[in-house]
Each structure stands twice: as C-alpha cells, then as structure tokens.
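[1] Pasting the sequence and the predicted coordinates here, then a few questions.
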Amino acid sequence: MFKKSIVLSLLAMLCVSVNAQERPRQDKFENYVNECTKFFKPDGEACWKAGIVLDERAGAGVKTENEKETIVTEARRFYKKGCDLNFSRACNGFVRYNKISNENKIIYLNKGIELGSPVCISAFAGYELKNGNKQKAKELWKQACEKNFGDACFHLSF
C-alpha cells in the first residue's frame, strides 16, 4: 500500500506540471486580447488566458482597491466571453472570480460540465458538499478524477 504522503506528493507534482504547460504568459496578453476580440471567429481559450493574466496582475504588487477591482472586473469580462464561446475552463473562471447568485453559478458550472470540463465538475462537487450532499459530491469528484483532474482525485482520498 502506498504511503499517503507519497501519493499526495505525486498528485501535487502532477498538478504543477499540468499547470506549467498551460500557464498563460504576461508577455502574450495583447495577443490573447486580439484573438479573443477579433470579429471573425473569436477564440474562447484566448479569452480565458487574458482573464488569467489579469487575475495575476490584480494579485501582484501593491495596488489600490479601486485599481484591483478594475482589473478583476476586466478579467471577469474575459472569462464570461470565453465561456460564451464554449471554452469550458473560462466558465469555471467566471464562476470562481465573480460575485454572482448561486443560480447563475449553477448555470455557468453546468455549461462547463456540458462542455466536458473536469474543473467545473469538481467545482460543482464542492458546491454539493457545501450544501450537505456528500454522496453527490463524491460521485462528481469521481467523474472529474476519471477525466484526470488531480484535485478531484485528491478529494476522493478522504
């Protein structure tokens, strides 16, 4: 039997290596915005990447609350557009970083789930757990884990 600490270390390494491959870059922000906002065939993934870059900017350095809120508001706009363009990870970003009603969160998480996002499945599992539905949460984490989302597999280990 594997030691729990070894399994957790391997899961953490897996998550870091996946994130390192997909991490949007600050120096490509203008490219992301151009791809997201072009008239013909705007790119939902580029919208998501622009949102990520803005979120990183909002968290970096010393900024006033107004500056930070302006940046975060712009990031939300990119996440929403990416979700509307059927890029599932943007749906999760919109829900996670937006102060919207639970009803709207469910709508956007379900859209992400329909698009096949294990991140949205896992987020919805967290919502179910928060509402006391442990069995449903476990089922959803199992689905997300089967789609190779390490965070969901981690939740199943407890």
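    The structure has been received and is ready for your questions.

[2] And the pLDDT for the closest residue to residue 116 other than its chain neighbours?
    Residue nearest to residue 116 in three dimensions, not counting chain neighbours: residue 88, with 6.1 Å by Cβ to Cβ, 6 or more residues apart in numbering. Just so you know, the C-beta spots here come from the backbone N, C-alpha and C atoms, and that holds for glycine as well. Per-residue confidence (pLDDT) for residue 88: 90.

[3] tell me the helices in this protein, going along the chain?
    4-22, 29-37, 44-59, 65-84, 88-96, 102-114, 118-130, 134-146, 150-156 (DSSP state H).

[4] neighbours around the residue nearest to residue 116, how many?
    The local packing of residue 88 (other Cβ atoms under 10 Å) involves 23 other residues.

[5] ok, now which ones touch it?
    Residues near residue 88 by Cβ atoms under 8 Å, 6 or more residues apart in numbering: 111-112, 115-117, 119-120.

[6] Out of those residues, which comes closest to residue 60?
    residue 119 (23.0 Å; Cβ to Cβ).

[7] can you tell me which residues contact the nearest residue to that closest one once chain neighbours are set aside?
    Among residues not flanking residue 119 along the chain, residue 92 sits closest, at 4.6 Å (Cβ to Cβ, 6+ apart). Residue 92 sits next to 109, 112, 117, 119-120, 123 when contact means Cβ under 8 Å, 6+ apart.

[8] Farthest pair within these?
    Taking Cβ to Cβ, no two of those sit farther apart than 109 and 119, at 9.6 Å.

[9] ok, those two, which is more surrounded?
    Applying other Cβ under 10 Å to residue 109 and residue 119 shows that residue 109 carries more neighbours, namely 25 against 22.

[10] so that one makes contact with residue 122?
    No. Taking contacts as Cβ atoms under 8 Å, residue 109 lies outside contact range of residue 122: 9.9 Å.

[11] How many residues are close by residue 131?
    11.

[12] no, scratch that, I was asking about residue 116
    Neighbour tally, residue 116, other Cβ under 10 Å: 10.

[13] any idea of the pLDDT on it?
    Listed pLDDT for residue 116 reads 90.

[14] Likewise for the one 5 residues further on?
    The score at residue 121 is 94. That number is its pLDDT.

[15] same thing with residue 78?
    95.

[16] ok, now which ones touch residue 108?
    Contact analysis of residue 108 by Cβ under 8 Å, 6+ apart lists 83, 91, 94-95, 100.
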